[in-house]
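Undergrad: Generate a structure from the sequence data that follows.
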Amino acid sequence: MRRIPLSRRSHITGFQPLLTGTAEHESALERDFVARISLLHPTASIISQPLTLRFRDGARMRRYTPDFLVRWSNGRSRLIEVKYRADLRLRWEEYCPAFLAARAWARDHGAVFRVVTERHVRDAALDNAKRLLPLRRAPYDHEAAALVLAAIRDQKAPTFEGTLRGLPISRQAALSALWRLIARGAVHVNLRTPIKPDTPLALP
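TA: From the prediction side, this is the model:
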């Protein structure tokens, strides 16, 4: 695998811990992509810059390294290039032969190649990731969590706000426990939409 270079100009290099390992990124958009995938698909593996393709572009040979290979537990795989839309518009003719080579490689290896932009990444799911991922490994009050889970089980149609009402603990303690339970997947919500007072809750 190619090592990610030192930060230069507007590049933002770093590492993100995942449940399946660690993913590297070299831009803010790549960082956001990894965070979003980590929240929505916590068991997926995300491999940074997984391979370098060599391909012919007219009379010359070129090389291209996609940003990520994402693998799901069901065997599905996607080879991902993360680009800002403005960059795509400006350099499409340069990128296109490399993208065609990536698509051919993905087809031959049972994967799918996708170009991902800020339009796909920066949405409600990313907002939820920014809130929830720091809580995934945070300590929590087990007694408060048990009360929250019991309140969810006792309701026919539990919601975020409805679950907080009537608990024999402070609202702050209940909120802290509920957010952590959602972050850990012990309470399910639709992570692709904003989490609001009327958001439905469910147990796994």
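Undergrad: need the contact list for the nearest residue to residue 117 once chain neighbours are set aside.
TA: Distances taken as Cβ to Cβ, 6 or more residues apart in numbering put residue 85 closest to residue 117, at 4.7 Å, once the chain neighbours are dropped. C-beta here means a position set from N, CA and C on the backbone, and glycine is covered the same way. The neighbourhood of residue 85, defined by Cβ atoms under 8 Å, 6 or more residues apart in numbering, consists of 117-119.
Undergrad: Quick check: phi and psi at residue 85.
TA: For residue 85, the backbone dihedrals (degrees, to the nearest 10) come out as phi -60, psi -40.
Undergrad: OK, contacts around the residue of the chain most remote from its centre?
TA: Most distant from the centre of the chain: residue 59, at 38.8 Å, with distances by Cα atoms, centre = their mean. Shown in contact with residue 59 (Cβ under 8 Å, 6+ apart): no residues.
Undergrad: What's the separation between it and residue 93?
TA: As judged by Cβ to Cβ, to the nearest Å, residue 59 and residue 93 stand 16 Å apart.
Undergrad: Who are the contact partners of residue 151?
TA: Contacts for residue 151 (Cβ under 8 Å, 6+ apart) come out as 158, 163, 166-167.
Undergrad: And for residue 78?
TA: 69-70, 106, 111-114.
Undergrad: Show me the domain layout of this structure.
TA: Domain segmentation of the chain under automatic domain parsing yields 14-122, 137-204.
Undergrad: can you redo the ones you listed as CSV with distance to residue 129 and mean pLDDT?
TA: Compiled in CSV, those are given as follows (distance: least, Cβ to Cβ, whole Å; pLDDT from 0 to 100):
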stretch, distance to residue 129, mean pLDDT
domain 14-122, 4, 93
domain 137-204, 8, 96
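Undergrad: sorry, back to before: go through the contacts of residue 85 and flag which are in strands.
TA: Among the contacts of residue 85, no member falls in strands (DSSP state E).
Undergrad: quick revisit: narrow the contacts of residue 151 to those that are buried.
TA: By neighbour count, with 16 or more other Cβ atoms under 10 Å, these hold 158, 163, 167 as buried.
Undergrad: pretty sure the last one contacts residue 177?
TA: So that's residue 167. No - if you go by Cβ atoms under 8 Å, residue 167 and residue 177 don't touch, sitting 9.1 Å apart.
Undergrad: Can you point out the buried residues in stretch 167-184?
TA: For stretch 167-184, burial by neighbour count (16+ other Cβ under 10 Å) applies to 167, 173-174, 176-184.
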